[in-house]
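Visitor: sequence and predicted model, in that order:
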Amino acid sequence: MGGKSIVLKSGLSGIVLIVGLFFFFPRTPSDSYGKIPILNSQCPPGFKKNASNECIAINLYQQYDSPHNKGVGGLQTALPKIRDGFSPQEIDLGRYLFFDPVLSGDGSISCASCHNPKKGFSDGLPTSIGSNGSKLKRAAPSLWNVAYLKKLFWDGRAATLEEQMQGSLFSEEEMNNTPENLLRRLNAIDTYTTMFAEAFPDKNTSEAIQLNEIYTALAAFQSSLISLNSKYDRYAHGYHEALSKKEIEGMNIFRSFVARCAECHTPPLFTNQQFAVIGTPEPDGLPLDHGAEEPFNDKSLRGAFKVPSLRNIEKTAPYIHSGAFKTLREAVEFYTKGRGHAVPDGEDLIVHWHIWEPNLSDHELDRLVDFLKTLTDETFTPQIPENLPSGLNPTI
Amino acid sequence: MRSIVFKIIGALVLLAIGVFLGKSFSSGPEENTVPMPSSIGYRMAGSSSDTLVAQTVTYDGEIIEVRQGGSIQEAVKAASPGDLIRVYPGTYSENVYIDKDNIGLQGVVIQGEWPTLDGKKKINDAFLYSGNGILIENFKIINYKGNGIMGQAGNNFVIRNNWIIDTGVYGIFPQYGKNGLIEHNVCSKIEDAAIYVGMCDNVDVLHNEVFDNVAGIEIENSRHCLVENNYTHNNTGGILAFVTPGLPIKTTFDVIIRNNFVVNNNTANFGAPGSTVAGIPAGTGILIMAADDVIVENNIITGNNNTGITIVDLATGAPKANDPNSEGNPDRTIILDNIMFDNGNEPTGEIKAIMLTQMDTKGPDIFAYGGGTGSSIRDKNRYRTFGLDDWGAAQITDTKDVRTYMLPEPVAPRSVSTEELGELTYYGVCAGCHAFGNRLIGPPTEIIQAIHNGDPQSIVDYITNPENLRDDYPEMPPQDYLSNEAKMAVAEYILAMEP
């Protein structure tokens, strides 16, 4: 091999390299990088991104076990299985959609209108207001920790967030949209088509936004709402100074078998995810809400509702499916007034056996309220977007 | 005559002096633990090969003593895992809660004086525990509103030698626990179940006496339970194994009920309206409702006025309740040899009506009604039965190979590695304010790494007691509530993180 050919080869390689450098590193990077990502590529707090770009929920309750993996028990018990594994982009896209009133039929209300982060992801109303100012039948449930729930809606008629949101999006009384109109409107917004392409990179960029992508993104965002760092949680993890004497007194009333609160509102999620007939009064003489009897066509569930989680309950007044109780104090007082005391005449409800007459004192009721307030934690509250792709203002 | 009287008086005087001298010179040490009723002698006698020596629980830490005028709760606060709290005779009106692991609470009975917890009908529960490895023994517990002893999700519990009277809803109530022993307790006048094993696994209920309660011993939504050598009398129902619908854990199976006295359980039902037990007819010896694989062996079941043993499905036993996820049929019940007579003298309700259709005014020893398959009985001719026509012959003769349902080793607490704990803490707590490559509320994680490079202790010190060093960031709240272990784990995790 002569020295000449080495020089020649080196020279050719050099040229190829220089051309290559020009090709791969153009002077203005934006020319070939394509569009700057608009969606957050980091997982929200409480989630770790894995190698597949999935956000996996992580919290201190994963140190513990739970009987039969049901996510119920005492202080140091694991949570039920969570719905996680969404990408950061799906979650962030869902955040925009969640606050965007373009999702409703007339562009006036968003998901956040009834699930306002400033009101514990509820709306502060006894029963929510739907499209055209219509008064809805039931109170908006909080969305904190909704990723752990196996049944949705007060009557439990939906098993997934996707199923639940279609109920709200396409109900005439609620958001009053149609699937066709929703797709037409979103596909007409360039920023959304770009965002969907970014959040769902497997699809063809020219392909229009699909309904299931909208559902996935909204489910992803809602599943990211985690509240597990309250004062109570610090106590549960072993820091007993986290709760005051009064709050501990309240906790012991809460979990004793006299009040029986913890029998249905079981830690650590503060729900056992079952149905219960508790017989709360309907407001203003309205007829009895049949609850889960209707979707399940089961008379034994007449007046039954899903046991709600109590996390951030301080923030979500008024209470119960009908918003019948303005304050936590009124809500806890209901339980001590006697089994079935508010059941309308002529109704033969199968009131849950945990509801009895615990004869709690005023002092005990006050302590229960003290304890319930220790379940407040909003440290992982997501940001409300300042601007929305639709150009509309975020509606809360 | 007179001399006889004098002789008797003299003898009595001498006897009294003898007793006095004997007591003065040969009395034992003043303070010693007298478990009552004693279990040791019984075990040493080895009178039953079915019975296993109870798992030894040792507390080798400090001994903390509580005496009259002191507070058991204060002692619990001061205790660390492994400590034994010894409570001396006296009356304590407290709700004692134990949210720590491996704490022993041991009453000291001196000359018949028991340490007594008196709820005065005002306090809800005497003992409420959530920790693993809790021992509660030798207490007299009276007049509580809720429970004598309630556990929530504590494993490896031992509850023994307690005397529990009129404590409202339940006497002894472990819930969501695995591997437990409930033995040598006496429970009376309880409005629901004297001993209620709820949503538990691997629990032995041995040598207890329960009477004048609505339900004597209740195995509910629990699996692998042994109910042995108990004396359950004068309750509304003696021993129950059943499924309550609507609870998150939905099965009861693998229960052995053997060597018990189930006698005269005819007390009128005084359960709270709406409670599951409020529907139990007085005169029920043993009730099996929707529970599977229950074996009834070697019991003496007599004088129960409704039936000796009732086996029903949920639709019959609790027709109003419903849970599509609870299977409501009692399957594969096995009845081995039992002594049963004098049951069914005054049948009530449905059983009375059903028996009348058979031209019989007495209830049977064994009554089965409703769904369920695969049940069998060893010798049907020994009893008066109803509804056992399709039962087969038992394929086993005894259960002597099952000596206990407790686990050979205590359930180990789930342990996570330091790295896992660091990760759980970082993402579960810190990530609200700190992220890698991104400013949230606090500085990005890589800046924390640069400041504390190679020195996890300095992170621990900082998060325990933070000072605001940077004008452009808000002050960090102290994270002193984290355990030292978690603080060090998260510090190491942060320093090891890569982009």
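Guide: Received the coordinates, thanks. Worth saying up front: this structure is predicted, and the values here are computed from it rather than measured.
Visitor: from now on I want contacts and neighbour counts done on CA atoms only, so please keep to that.
Guide: Will do.
Visitor: and for the residue of the stretch 1-150 of chain A found nearest chain B, the neighbour number?
Guide: Using C-alpha to the nearest C-alpha, residue A:59 is the residue of the stretch 1-150 of chain A that sits closest to chain B, at 4.0 Å. Number of residues near residue A:59 (other C-alpha atoms under 10 Å in any protein chain shown) recorded here: 21.
Visitor: quick check: it vs residue A:146, distance?
Guide: 15 Å (C-alpha to C-alpha, to the nearest Å).
Visitor: what's the answer for residue A:243, then?
Guide: Taking C-alpha to C-alpha, one finds residue A:243 at 26 Å from residue A:146.
Visitor: which residues of the stretch 201-350 of chain A fall in helices?
Guide: Counting by DSSP state H, counting those that start in this stretch, the stretch 201-350 of chain A has helices at residues A:211-223, A:231-236, A:245-255, A:261-264, A:293-296, A:328-336.
Visitor: out of these, flag the one nearest chain B.
Guide: Closest of the helices of the stretch 201-350 of chain A to chain B is helix A:231-236, at 6.4 Å (criterion: C-alpha to the nearest C-alpha).
Visitor: ok, the closest residue to chain A within the stretch 301-450 of chain B - contacts?
Guide: Per C-alpha to the nearest C-alpha, residue B:428 is where the stretch 301-450 of chain B lies closest to chain A, at 4.0 Å. Shown in contact with residue B:428 (C-alpha atoms under 8 Å, 6 or more residues apart in numbering or on different chains): A:45-47, A:58-60, A:228-229.
Visitor: quick one: those as a markdown table, columns for secondary structure, distance to residue A:172 and pLDDT too.
Guide: Below are the contacts of residue B:428 laid out as a markdown table (DSSP: H, G, I helix; E, B strand; the rest coil; distance: C-alpha to C-alpha, whole Å; pLDDT from 0 to 100):
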| residue | secondary structure | distance to residue A:172 | pLDDT |
| --- | --- | --- | --- |
| A:45 | coil | 35 | 95 |
| A:46 | coil | 36 | 96 |
| A:47 | strand | 36 | 97 |
| A:58 | coil | 38 | 97 |
| A:59 | coil | 39 | 96 |
| A:60 | helix | 42 | 96 |
| A:228 | coil | 35 | 97 |
| A:229 | coil | 38 | 96 |
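Visitor: and of those residues, the nearest to residue A:302?
Guide: Proximity to residue A:302 was ranked across those by C-alpha to C-alpha; first place goes to residue A:228, at 32.8 Å.
Visitor: now the helices of the stretch 201-350 of chain A as TSV including mean pLDDT, mean neighbour count and distance to residue A:80?
Guide: Converted to TSV, the helices of the stretch 201-350 of chain A look like this (pLDDT from 0 to 100; neighbours: other C-alpha atoms under 10 Å in any protein chain shown; distance: least, C-alpha to C-alpha, whole Å):
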stretch	mean pLDDT	mean neighbour count	distance to residue A:80
helix A:211-223	98	21	14
helix A:231-236	97	22	16
helix A:245-255	98	21	19
helix A:261-264	96	22	15
helix A:293-296	95	15	24
helix A:328-336	97	20	26
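Visitor: chain neighbours aside, what residue packs nearest to residue 248?
Guide: No chain in the question, so chain A it is. In space, and not counting its chain neighbours, residue A:248 is closest to residue A:371: 7.1 Å by C-alpha to C-alpha, 6 or more residues apart in numbering or on different chains.
Visitor: that answer is for a different chain, and I need it for chain B
Guide: residue A:272 (6.1 Å).
Visitor: quick check: buried residues in the host helix or strand of the residue nearest to residue A:248?
Guide: According to DSSP states H and E, residue A:371 maps onto helix A:362-373. For helix A:362-373, a neighbour-count test (16 or more other C-alpha atoms under 10 Å in any protein chain shown) marks A:364-373 as buried.
Visitor: tally of neighbours for residue B:354?
Guide: By other C-alpha under 10 Å, neighbour count at residue B:354 equals 17.
Visitor: and it, that one's in a strand?
Guide: No. Assigned with DSSP: H, G, I helix; E, B strand; the rest coil, residue B:354 falls outside any strand and is helix.
Visitor: stretch B:74-92 - what's its average pLDDT?
Guide: Averaged over stretch B:74-92, pLDDT sits at 97.
Visitor: if you count neighbours, what's buried in that stretch?
Guide: B:75-76, B:79, B:81-92.
Visitor: coming back round to it: export the buried residues of helix A:362-373 to a markdown table and tack on distance to residue B:176 and pLDDT?
Guide: Converted to a markdown table, the buried residues of helix A:362-373 look like this (distance: C-alpha to C-alpha, whole Å; pLDDT from 0 to 100):
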| residue | distance to residue B:176 | pLDDT |
| --- | --- | --- |
| A:364 | 25 | 97 |
| A:365 | 26 | 98 |
| A:366 | 28 | 98 |
| A:367 | 25 | 98 |
| A:368 | 23 | 98 |
| A:369 | 25 | 98 |
| A:370 | 26 | 98 |
| A:371 | 22 | 98 |
| A:372 | 22 | 98 |
| A:373 | 25 | 98 |
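Visitor: circling back to that earlier point, distance of the residue nearest to the residue of the stretch 1-150 of chain A closest to chain B when sequence neighbours are not counted from residue B:311?
Guide: The shortest distance from residue A:59 to any non-neighbouring residue, by C-alpha to C-alpha, 6+ apart, is to residue B:428 (4.0 Å). Distance of residue B:428 to residue B:311, given as C-alpha to C-alpha: 49 Å.
Visitor: swap in residue A:279?
Guide: 32 Å.
Visitor: more neighbours, those two?
Guide: residue B:311 (27 against 24).
Visitor: didn't that one look like it was pressed against residue B:367?
Guide: Yes. Here residue B:311 lies in contact with residue B:367, judged by C-alpha atoms under 8 Å, at a distance of 6.1 Å.
Visitor: might you report the residue contacts of residue 293?
Guide: By default, I'm working from chain A. A:299-304.
Visitor: wrong one, I was asking about chain B
Guide: Neighbours of residue B:293 in contact, by C-alpha under 8 Å, 6+ apart: B:253-255, B:330-334.
Visitor: how far away is residue B:186 from residue B:286?
Guide: Shown here: residue B:186 relative to residue B:286, a distance of 19 Å by C-alpha to C-alpha.
Visitor: what backbone torsions are found at the spatially most central residue of chain B?
Guide: The residue lying closest to the centre of chain B (C-alpha atoms, centre = their mean) is residue B:174, at 3.6 Å. Per-residue torsions, residue B:174: phi -80, psi 140 (degrees, to the nearest 10).
Visitor: my read: it touches residue B:150, true?
Guide: Yes. The criterion here is C-alpha under 8 Å, and residue B:174 meets it with residue B:150 at 5.4 Å.
Visitor: circling back to that earlier point, the helix holding residue A:371 to helix A:328-336, inter-axis angle?
Guide: Counting by axes from the mean of the first three to the mean of the last three C-alpha atoms, to 10 degrees, helix A:362-373 lies at 120 degrees to helix A:328-336.
Visitor: now for helix A:362-373, which elements pack on it?
Guide: For helix A:362-373, the elements it packs on are helix A:245-255, helix A:328-336, judged by 3 or more C-alpha pairs under 8 Å, 6 or more residues apart in numbering or on different chains; DSSP states H and E.
Visitor: between helix A:245-255 and that helix, find me the angle.
Guide: Using the same axes, to 10 degrees: helix A:362-373 against helix A:245-255 is 90 degrees.
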